[in-house]
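In: here is the input, now give the coordinates:
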Amino acid sequence: MAAADVEFRCFVGGLAWATDDQALENAFSQFGEIVESKIVNDRETGRSRGFGFVTFRDEKSMLDAIEGMNGQNLDGRNITVNQAQFRGGGGGYGGGRRDYGRDGGSRYSRGGGASDGTWRN
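Out: Numbering: from 1, shown residues only. Below you'll find the model as predicted:
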């Protein structure tokens, strides 16, 4: 990521379902200029997933917000605030070879029962 692409973004977890983008911005605006505040919603229901992001104009504001808001109460919930981790593109599936066992089988066990290769006894 180039220097011009640096974002000062906080992850905010443990949010109440009633907390919206504006309430999130209002709670964090005391720490500095906010570029964006966004609650993440479920794409099927449209309901909050209980977390969001606040992006600040500068690093000091972000660090002050993390220190000042982590563990604090917002809309009846104690929230978790930390620096957001950059997620690279590619869909999140990773790549490369996964070797789950010598036989190349699944990483999941069938659990108990016969070991003759059948799924059900």
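In: any weak-confidence spans in this protein?
Out: 1-5, 88-121 (pLDDT under 70).
In: where along it do the strands fall?
Out: Assignment of strands within the chain using DSSP state E yields the ranges 8-13, 34-41, 48-56, 73-74, 77-78, 80-83.
In: Ile66: which of those is closest?
Out: Closest to Ile66 of these is strand 80-83 (Cβ to Cβ; 5.2 Å). Where C-beta positions appear, they are placed from N, C-alpha and C, glycine not excepted.
In: each with direction, which strands does the closest one pair with?
Out: Here strand 80-83 has these sheet partners by DSSP bridges: strand 8-13 (antiparallel).
In: in the strand it pairs with, what's buried?
Out: Phe8, Arg9, Cys10, Val12 (16 or more other Cβ atoms under 10 Å).
In: with stretch 37-57 instead?
Out: For stretch 37-57, the neighbour count (16+ other Cβ under 10 Å) marks Ser37, Ile39, Ser48, Gly50, Phe51, Gly52, Phe53, Val54, Thr55, Phe56 as buried.
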